[in-house]
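**Student:** Model the structure of this input:
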Amino acid sequence: MRIEQIYTGCLAQGAYFISSNGEAVVIDPLREIQPYIERANADNVKIKYILETHFHADFVSGHLDLAKATGATIVYGPNANPSFEFHSAKDGELLNVGDITFKVLHTPGHTMESTCYLLIDEGGKELALFSGDTLFIGDVGRPDLAQKAASMTQEDLAGLLFDSLREKILPLPDSVVVYPAHGAGSACGKNMSKETTDLLGNQKATNYALRADMTKDEFVKEVTDGLLPPPGYFGMNVAMNKNGYDAIQEVMQRGLKPLSVQAFEAAANETEALVLDTRTAMEFSKEFIPNSISIGLEGQFAPWVGALIPNVKQEILLVTEPGKEEETVKRLARVGYDYVIGYLDGGIEAWKNAGKEVDNIGRITAEEFATKFTEKPIVIDVRKPGEFSGEHVADALSIPLDFINNHMAEFPKEEPFILHCAGGYRSIIAGSILKARGFNNFVDVIGGYGAISKTDVPRTDFVCPSTKK
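**Tutor:** Here you go, the predicted structure:
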C-alpha cells in the first residue's frame, strides 16, 4: 500500500493517490489529470475510484476528465446530486481497493454532502482519515458556503458540523493520520496550520474546534465568528464541479494562442478582455501595458485571480514571462477561468520594441517611507484584517485587497497616499487595479510591512474606530 499526498501550494490544496495490490483511488484531484495517470502507469495500477469529499468551491476538480480517461467510478457521499454519472455512497459503506478498504463517513456541516473517507489497512486497522474540508489541521471547514443551496443558516450548518465531528471523527483512534483537503492560505477555513498532516490524537488536544468540553453553542459561535465573505468565484466553481466543464485539453488549446503585438492590441481594444500580467511584482512595477492587472505567478496566484476577477467567464489576454504561458493557462483553469483567448508573443519586450506605451508604479524604500512619515501622509494597508489587527503603522487605514473592488471610493482621489502590504506582492496587485481606475497619486513601499517594521516608524496593534476594514 502507498499513500501519496500531492500538495499544490498556490491553492493550499491536497489531493491524494492511494494504491494497493494493483488498484488505486484518487481523492479530490486537480483539473490537470496527467500526473495521476502517469503515477498509475508507473506503479502498474488501475484507478478504480475517484473519491470526492464534496463539491469544491475553491478549485475545479479533475473528476470528470479523469473518469473519462481511466474508466474510474466517481464517488460522492449522501446528498450529492451532480448532473453526471456517479456512485452515491451510503454512510458507512465500504469500498474495497486492492487489499485495503475505505469506509464512507458522511459528515455534513461544511456542505450538506461533505464526506470523509476512512482508510482501513490489510489487517483491519483504521489507519488514515481523508477529511476533505470537514477537518483541517488546526481548524474545521467554514459553515457558510452551502447556505443558499441548503436553505439553512451558517449557524444551522455549524451545528451539523459539530455533530459530525463528535459522532464520526472524535471516536476514531488517536493513531489515525488526518489528511485534509487544504492547509494554510485556503479561504475554506480561518486558522489552518501550515502543516498538511497530523495525528488525530494531536488534533484532539490542540484544535480549538475539537475541545472535549465545548458545547454546541460555543462551537457555533467560535466557528462562525470573524468569517469574511467567500470569494465571488466560489459559487461558480461549485456549479462547474456539479454540472460539468470543458475538457482541460480544450481549455489549454484555446488559451495557448500566441498573438503579435498588433493582434494583441486589437483584441484588447475590440473585446472586453482583461489584460492580466503574471510577471513578478517587481518587474510589473517597472513597466506594464496601461490598464493591465498584475497578479504574479510567484504568489497565491489562483486564489487572488478568483478573489479579484468576479466572473470565471471573463475573457483574458495574458502577458507572462516568456515560457510561462502554459503554466499560467493551467493555473487559471484550476479555478475555472477557462476563457484565456491568447497571450502576447514575446511578452513585454515585444510590446516595447514595437514602440507601444508602458506605465509604471512608483515605489519607495522603507527608509524613504520613514522619512515621509514625519509629514503624516495617508497610509493604506491592503493586508488582511487579522494581519492589520496584529500590528500596523500608526494611523494607517485598512482596505484589504480581497474586497478592494467594493471599496474604491475609500481611496483618496486628489491627496497623495502610500500603499503597502506585507511584502510587496499584494500592494502591486492593488496598485495595478488603482492605476486601471485612473489613480496616479500614490506610491508603493518596497518590501511592505516586513521592511517598514525594521524602521522607527510608529506602530500599534490597536484598531481605531475610524479604520476601514
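
**Student:** Thr73 contacts Ala67, correct?
**Tutor:** Yes: counting by CB atoms under 8 Å, Thr73 touches Ala67, with 7.2 Å between them. In short, each C-beta sits where N, CA and C put it, glycine included.

**Student:** The two: which has the busier surroundings?
**Tutor:** Taking other CB atoms under 10 Å, Thr73 and Ala67 do not tie; Ala67 has more neighbours (21 against 16).

**Student:** in this structure, which helix or strand is least confident?
**Tutor:** helix 147-150 (a mean of 54; mean pLDDT, DSSP states H and E).

**Student:** Show the residue spans covered by the helices in the stretch 351-469 of the chain.
**Tutor:** Ranges of helices in the stretch 351-469 of the chain, per DSSP state H, counting those that start in this stretch, are 366-373, 385-390, 425-436, 448-452.

**Student:** quick one: buried residues of the shortest one?
**Tutor:** Pointing back at helix 448-452 there. Gly448, Tyr449, Ala451, Ile452 (16 or more other CB atoms under 10 Å).

**Student:** measure Arg331 to Leu200 for me?
**Tutor:** 32 Å (CB to CB, to the nearest Å).

**Student:** related to what we said a few turns ago, the helices of the stretch 351-469 of the chain: lowest mean pLDDT?
**Tutor:** Mean pLDDT is lowest for helix 385-390 among the helices of the stretch 351-469 of the chain, at a mean of 92.

**Student:** Can I get that one in PDB, CA atoms only?
**Tutor:** Taking C-alpha atoms only, helix 385-390 is exported to PDB below (Å, rounded to 0.1, in the frame of the first residue of the first chain):
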ATOM      1  CA  PRO A 385      -7.900  42.300   8.700                       C
ATOM      2  CA  GLY A 386      -6.100  39.800  11.000                       C
ATOM      3  CA  GLU A 387      -2.700  41.000   9.900                       C
ATOM      4  CA  PHE A 388      -3.700  44.600  10.400                       C
ATOM      5  CA  SER A 389      -5.100  44.000  13.800                       C
ATOM      6  CA  GLY A 390      -2.000  42.200  14.900                       C
END
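
**Student:** Which other helices and strands does that helix contact?
**Tutor:** The contact analysis (3 or more CB pairs under 8 Å, 6 or more residues apart in numbering; DSSP states H and E) places helix 385-390 against no helix or strand.

**Student:** how close does Ile429 sit to Trp304?
**Tutor:** Relative to Trp304, and taking CB to CB, Ile429 is found at 6 Å.

**Student:** Need the overlap of contacts for those two.
**Tutor:** With contacts defined as CB atoms under 8 Å, 6 or more residues apart in numbering, the residues adjacent to both Ile429 and Trp304 are Ile295, Leu401.

**Student:** which of those two has more neighbours?
**Tutor:** Neighbour count, other CB under 10 Å: between Ile429 and Trp304, Ile429 has more, with 24 against 21.

**Student:** my read: the more buried one touches Phe288, true?
**Tutor:** No: counting by CB under 8 Å, Ile429 stays clear of Phe288, with 12.0 Å between them.

**Student:** Confirm Cys116 sits in a helix?
**Tutor:** No: per DSSP: H, G, I helix; E, B strand; the rest coil, Cys116 lies outside any helix segment and is strand.

**Student:** and it, how many residues sit next to it?
**Tutor:** Applying other CB under 10 Å, I find that Cys116 has 28 neighbouring residues.

**Student:** so what's it bridging to?
**Tutor:** Beta-bridge pairing for Cys116 (DSSP bridges): Leu105.

**Student:** what's the answer for Ser20, then?
**Tutor:** According to DSSP bridges, beta-bridge pairing links Ser20 with Glu23.

**Student:** Next one: it from Gly92, what distance?
**Tutor:** 21 Å.

**Student:** Could you list the residues in contact with stretch 61-77?
**Tutor:** With CB under 8 Å, 6+ apart as the test, stretch 61-77 has contacts from 26, 28-33, 36-37, 40, 46-54, 82, 84-89, 91, 95, 104, 106, 113-115, 241, 244-245, 247-248.
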